[in-house]
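Novice: Below are the sequence and a predicted model; questions follow.
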Amino acid sequence: MLGAGAALGVLEQAMRAALAASGAALLEAVLAGDGDGYAGPHAECGHGHRASYAGCRPKVITTVLGPVRVARAWYHCRECEHGFAPRDEQLGVPGTSLSPGLAEMIARAGAEVPFGKAAALVKDLAGVAVSAKTTERSAEASGAAARAAAEAESAAIRGRRIVPLPPAGPVPDMLYVEVDGTGVPVRATETEGRRGKGEDGSARTREVKLARLFTVSRLDEAGRPVTDAGSSTYVATFDGKDALAPLVKAEYLRRGGDHHRQVVALGDGAAWIWTMAGDLYPHATHITDIYHAREHLHDLAAHLAFITPDPPGWLASRLKELDAGDIEAIIGAARAYPLEGVKASELDTKIGYFEHNIHRMRYARYRRLGMFTGSGHIEAACKQIVVQRAKQSGMHWTVQGAASIIALRTQHASGRWDELWTPGPGQPAPPRAAI
Ligand SMILES: [Zn+2]
């Protein structure tokens with residue numbers, strides 16, 4: 001069946017190869033027309049010295065059209081013992097032989113699939129041969145540049161050097177902020193001195209923390225909230241909760257968080273999430289994820305199963321109370337049995353989860369108000385952004401490498417991919433890193 005149209009298939013591939021080849025020739029001519037970047041007998045080296053012209057040094061740049069040869073005036077700085085071509089800066093190729101267009105393609109493929117497969121995709125779909133190693137280096141360099149750009153933007157927003165525009169009207173009714181974390185398998189050198197889940201107690205993974213912001217404008221016929229399509233944006237970091245908070249703050253400001261009537265912070269019950277929410281959006285409604293709350297309730301019921309007359313019935317009643325948001329009833333029922341010693345202090349801990357989060361567990365009320373009570377969105381995001389790419393069998397990342405690829409994935413999932421490669425007016429140039 002695939003054989004049908006084979007003649008056309010051969011023809012179109014041949015035609016594309018021919019067009020690419022003539023395109024490369026045309027590009028080479030266009031670039032040659034712009035000169036070789038000659039800036040006189042001397043040029044500033046970047047470190048305050050006068051570098052001297054040292055002749056013309058051509059370079060082959062691999063582009064989406066194939067290899068293209070460019071002439072470059074070469075300068076040498078005697079003090080730095082370093083040479084450079086101003087033309088490379090103009091073209092965005094200092095320290096690399098990959099064109100910006102090809103680097104973007106490689107980043108896109110490398111963000112999506114393992115580097116070997118990404119190289120094969122670029123070859124099969126774009127007709128440009130690059131090695132798996134080059135793909136890895138280039139995609140990670142683009143990711144590192146994306147991270148640096150995101151961090152710079154984040155700092156500028158927090159420092160009010162960038163003032164985001166209010167969200168376009170009509171402003172969605174509710175803005176949700178959810179946070180979660182997941183482990184990424186890393187090389188042994190990346191976990192030295194850290195406690196973890198390895199057999200000898202050493203860590204084999206490093207946690208990446210992820211936050212998702214999204215909006216809700218309407219409810220479905222059953223009165224359940226509907227996530228606005230395309231409204232999700234993400235921030236991520238390997239540097240822990242103290243590094244996540246400023247990223248979330250900037251993203252909240254960038255999206256004009258204060259313009260939404262209702263902000264909802266959903267968390268698994270970990271205290272730091274509420275501390276962060278209290279600092280960043282104190283007026284928000286805090287909700288403890290109902291699935292985590294149920295797990296804790298199962299755990300509590302198991303702890304008391306030796307003493308409750310009908311353990312399954314006891315749990316069922318408490319689950320109903322949880323759904324109703326009647327946390328006082330749960331606490332009362334659990335306190336009805338006098339325990340002693342270790343059992344009693346363990347009970348205190350388990351009940352403590354409910355006591356500390358009591359005002360974040362009014363589930364019936366949240367449902368009436370049309371709010372989500374479960375943090376399924378952030379768990380789905382962890383899978384989509386981190387697990388699918390970074391937690392494949394046999395993968396052992398450097399933290400830098402994983403963070404770079406995850407930066408590309410969050411940027412893409414946030415619908416901000418193009419911003420990485422085409423700066424808007426007044427924005428800094430797109431990220432390019434030497435590889
Ligand atoms: Zn110098």
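Specialist: Looks like it came in fine.
Novice: okay, CA-based contacts and neighbour counts for the rest of this
Specialist: OK.
Novice: Helix, strand, or coil at the residue in the stretch 201-350 of the chain that the ion sits nearest to?
Specialist: In the stretch 201-350 of the chain, the residue that lies nearest the ion is Asp239 (35.4 Å; CA to the ion). Three-state call for Asp239 (DSSP: H, G, I helix; E, B strand; the rest coil): coil.
Novice: Do you know the pLDDT at it?
Specialist: The model reports Asp239 with a pLDDT of 94.
Novice: ok, how many other residues are close to it?
Specialist: Counted by other CA atoms under 10 Å, the residues lying close to Asp239 total 14.
Novice: ok, now Gly332?
Specialist: Neighbourhood size, Gly332 [other CA under 10 Å]: 11.
Novice: so who does the nearest residue to the residue of the stretch 201-350 of the chain closest to the ion once chain neighbours are set aside touch?
Specialist: Counting by CA to CA, 6 or more residues apart in numbering, Asp239 lies nearest to Val208, which is 7.6 Å off, once chain neighbours are set aside. Going by CA atoms under 8 Å, 6 or more residues apart in numbering, Val208 touches Gly181, Thr182, Gly183, Val184, Ala236, Thr237, Phe238, Asp239, Gly240.
Novice: Now with 10 Å, please.
Specialist: With contact set as CA atoms under 10 Å, 6 or more residues apart in numbering, Val208 has these partners: 180-184, 236-241, 244, 382, 386, 399, 402-403, 406.
Novice: what's around Leu315, how many residues?
Specialist: The local packing of Leu315 (other CA under 10 Å) involves 22 other residues.
Novice: Apologies, that question was intended for Asp220.
Specialist: 9.
Novice: could you flag which of the contacts of Val208 are buried?
Specialist: 180-184, 236-238, 241, 244, 382, 386, 399, 402-403, 406 (16 or more other CA atoms under 10 Å).
Novice: where does the stretch 1-150 of the chain dip in pLDDT?
Specialist: Applying pLDDT under 70 to the stretch 1-150 of the chain flags residues 1-3.
Novice: The same query, at a cut-off of 50, please.
Specialist: Counting by pLDDT under 50, the stretch 1-150 of the chain shows no low-confidence range.
Novice: how would you label the residue in it that the ion sits nearest to: helix, strand or coil?
Specialist: Nearest residue of the stretch 1-150 of the chain to the ion: Cys80, at 4.1 Å (CA to the ion). At Cys80 the chain is in coil, as set by three-state DSSP.
Novice: residues touching it, list them.
Specialist: Per CA under 10 Å, 6+ apart, neighbours of Cys80: Cys45, Gly46, His47, His49, Ala51.
Novice: host element of Gln400?
Specialist: helix 399-413 (DSSP states H and E).
Novice: which residue ranges form the strands in this protein?
Specialist: Using DSSP state E, the strands of the chain run over 42-44, 50-56, 59-63, 66-70, 73-77, 82-84, 174-185, 205-219, 225-227, 233-237, 262-267, 285-288.
Novice: JSON lines please, covering these and showing distance to the ion.
Specialist: Listed next are these as JSON lines, based on distance: least, CA to the ion, whole Å:
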{"stretch": "strand 42-44", "distance to the ion": "8"}
{"stretch": "strand 50-56", "distance to the ion": "7"}
{"stretch": "strand 59-63", "distance to the ion": "22"}
{"stretch": "strand 66-70", "distance to the ion": "24"}
{"stretch": "strand 73-77", "distance to the ion": "5"}
{"stretch": "strand 82-84", "distance to the ion": "7"}
{"stretch": "strand 174-185", "distance to the ion": "41"}
{"stretch": "strand 205-219", "distance to the ion": "40"}
{"stretch": "strand 225-227", "distance to the ion": "55"}
{"stretch": "strand 233-237", "distance to the ion": "36"}
{"stretch": "strand 262-267", "distance to the ion": "52"}
{"stretch": "strand 285-288", "distance to the ion": "56"}
